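Engineer: Predicted model and sequence follow; I will ask about them next.
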Amino acid sequence: MIFKTIFNLIWRYFDVICYVLALIFINIGVFLLLGKVVWISTGLSVALFGWLAEAIADSKGGGK
């Protein structure tokens, strides 16, 4: 029963988990390949993540 509850909770946020992991791996890859460009990549990732959070809040009616 507990495993079913945990699985349902993970499955609910699976797309967000995959999105965050993708941003992490992209930033690590940019750091390993280009060094100083990682700051631009990280900035873009944070901006994209902030925009996504605002879009989710507005779609749920929380931003008003």
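Structural biologist: Yep, that arrived. Numbers count the residues shown, from 1 in each chain.
Engineer: And the contacts of the helix or strand Val20 falls within?
Structural biologist: For Val20, the host element (DSSP states H and E) is helix 14-34. Around helix 14-34, the neighbours that count as contacts under CB atoms under 8 Å, 6 or more residues apart in numbering are 10, 37-38, 41-42, 45, 48-49, 52. Using the backbone N, CA and C atoms, a C-beta is placed for each residue, glycine as well.
Engineer: let's go with 7 Å and repeat that
Structural biologist: By CB atoms under 7 Å, 6 or more residues apart in numbering, the list of residues contacting helix 14-34 from outside reads 37-38, 41-42, 45, 49.
Engineer: which of these sit farthest apart?
Structural biologist: Val37 and Phe49 (18.4 Å; CB to CB).
Engineer: quick revisit: please save the CA atoms from the helix holding Val20 in PDB.
Structural biologist: Output of helix 14-34 as PDB, limited to C-alpha atoms (Å, rounded to 0.1, in the frame of the first residue of the first chain):
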ATOM      1  CA  PHE A  14       7.400  12.700 -13.200                       C
ATOM      2  CA  ASP A  15       7.500  15.300 -15.900                       C
ATOM      3  CA  VAL A  16       8.800  18.000 -13.500                       C
ATOM      4  CA  ILE A  17      11.500  15.600 -12.200                       C
ATOM      5  CA  CYS A  18      12.600  14.800 -15.800                       C
ATOM      6  CA  TYR A  19      12.600  18.500 -16.700                       C
ATOM      7  CA  VAL A  20      14.900  19.400 -13.700                       C
ATOM      8  CA  LEU A  21      17.200  16.400 -14.400                       C
ATOM      9  CA  ALA A  22      17.500  17.500 -18.100                       C
ATOM     10  CA  LEU A  23      18.500  21.000 -17.000                       C
ATOM     11  CA  ILE A  24      21.100  19.600 -14.600                       C
ATOM     12  CA  PHE A  25      22.600  17.300 -17.200                       C
ATOM     13  CA  ILE A  26      22.600  20.000 -19.900                       C
ATOM     14  CA  ASN A  27      24.400  22.400 -17.500                       C
ATOM     15  CA  ILE A  28      27.000  19.800 -16.600                       C
ATOM     16  CA  GLY A  29      27.600  19.000 -20.200                       C
ATOM     17  CA  VAL A  30      28.100  22.600 -21.100                       C
ATOM     18  CA  PHE A  31      30.500  23.000 -18.200                       C
ATOM     19  CA  LEU A  32      32.500  20.000 -19.300                       C
ATOM     20  CA  LEU A  33      32.700  21.200 -22.900                       C
ATOM     21  CA  LEU A  34      32.900  24.900 -22.700                       C
END
